[in-house]
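> I need the structure of the sequence given here:
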Amino acid sequence: MDKENGKSISRRDFFKIAGAAGMVTAGLVGCNEQSKSSFNVIGEPDGDMTYRILTGDRVSLLSYGCMRWPMISNPDGEGQIVDQEEVNRLVDYALAHGINYFDTAPPYCQGLSEEA
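Numbers count the residues shown, from 1 in each chain. Alright, predicted model coming up:
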């Protein structure tokens with residue numbers, strides 16, 4: 001509740017305001033001349049990847065999300081497994097184009113993302 005005028009704000013409105021402010025800030029920071037990286041129509045990079053220093057490491061500004069790796073049927077017939085050959089191809093492509101930050105977590109891909 002706003003103590004000055006006695007008005008309250010809903011949780012949904014708070015996140016709308018906070019999210020919009022974050023997007024504007026990210027847009028202003030990410031769109032300066034030093035951080036621009038141009039891409040042509042088919043998505044091949046024309047310029048260099050932009051990096052930031054994060055806890056002493058040089059980390060790509062663009063990350064690769066690993067929440068939805070390609071899956072194939074398990075050879076034993078029970079469920080699915082990660083298509084490791086396709087994952088290797090995707091990761092090699094990302095690394096070749098300067099991405100060195102991969103976003104993964106234990107629950108992704110039925111718990112198989114981090115291992116892949």
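> contacts and neighbour counts: CA atoms only from here.
OK.
> ok, which stretches of the chain are helices?
Secondary structure of the chain (DSSP state H): helices located at 11-30, 84-96.
> Now the weakest link among the ones you listed, please, by mean pLDDT.
Sorting the helices of the chain by mean pLDDT places helix 11-30 lowest, at a mean of 60.
> Can you show me the CA trace of stretch 106-116 as PDB?
Taking Å, rounded to 0.1, in the frame of the first residue of the first chain, the C-alpha atoms of stretch 106-116 are listed here in PDB:
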ATOM      1  CA  PRO A 106      17.700 -29.800 -13.200                       C
ATOM      2  CA  PRO A 107      14.000 -29.900 -14.200                       C
ATOM      3  CA  TYR A 108      14.500 -29.100 -17.900                       C
ATOM      4  CA  CYS A 109      13.800 -32.000 -20.300                       C
ATOM      5  CA  GLN A 110      12.600 -34.400 -17.600                       C
ATOM      6  CA  GLY A 111      15.900 -33.900 -15.700                       C
ATOM      7  CA  LEU A 112      18.100 -34.700 -18.700                       C
ATOM      8  CA  SER A 113      19.100 -31.200 -19.900                       C
ATOM      9  CA  GLU A 114      22.100 -30.600 -17.700                       C
ATOM     10  CA  GLU A 115      23.600 -34.000 -18.500                       C
ATOM     11  CA  ALA A 116      23.100 -33.400 -22.200                       C
END
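> What residue, apart from its backbone neighbours, is nearest residue 64 spatially?
residue 102 (4.8 Å; Cα to Cα, 6 or more residues apart in numbering).
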